[in-house]
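Engineer: Turn this into a model:
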Amino acid sequence: METINFTMLIGQEVIGVIKMLDPLLLQRFTIRGVEGGGVWVECQALINFMLSKLGRSSVPKTPIFFLSFDELRFVFCVEDVPALNETALGV
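Structural biologist: Numbering: from 1, shown residues only. Have a look, this model is predicted:
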């Protein structure tokens, strides 16, 4: 199994916790770019938040947001192999 890093995830949808939105709620977002201090993401939850603060229902282009690594509690992606609940299987 190879080591995963954010650069390898560019263009992929991942799931994680964005502390500024909700420190406990999982959010879906797409990694669009990576820098030394964080990642650029496309995230519908962030778009909804931004539009509500601006009092708008839409914008002509999709916003991309920079999130510092500190703003992400954790992130996970899926690998193309089965996942099992060991407890449910008695392992």
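Engineer: in what helix or strand does the residue most central in space within the chain lie?
Structural biologist: Residue closest to the average C-alpha location in the chain (Cα atoms, centre = their mean): residue 29, at 3.7 Å. Assessed by DSSP states H and E, residue 29 sits inside strand 26-35.
Engineer: Ok, residue 52 next?
Structural biologist: Per DSSP H and E: helix 44-54 holds residue 52.
Engineer: Give the buried residues for stretch 8-15.
Structural biologist: Buried positions in stretch 8-15, judged by neighbour count with 16 or more other Cβ atoms under 10 Å: 9, 14. Placement of C-beta: from N, CA and C, glycine included.
Engineer: same thing with stretch 34-45?
Structural biologist: With burial defined by 16+ other Cβ under 10 Å, the residues of stretch 34-45 counted as buried are 34, 38-39, 41-43.
Engineer: can you check stretch 14-28 too?
Structural biologist: Neighbour-count burial for stretch 14-28, counted by 16+ other Cβ under 10 Å, picks out 14, 16-18, 27.
Engineer: The residues you listed into TSV, with extra columns for distance to residue 86 and pLDDT?
Structural biologist: Below are these laid out as TSV (distance: Cβ to Cβ, whole Å; pLDDT from 0 to 100):
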residue	distance to residue 86	pLDDT
14	23	94
16	23	95
17	23	95
18	29	94
27	27	94
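Engineer: Filter those residues down to the ones in helices?
Structural biologist: Judged by DSSP state H, helices contain none of the buried residues of stretch 14-28.
Engineer: Toward the C-terminus, what is the element adjacent to the strand holding residue 29?
Structural biologist: Remark: after strand 26-35, the chain's next helix or strand is strand 38-42, criterion DSSP H and E.
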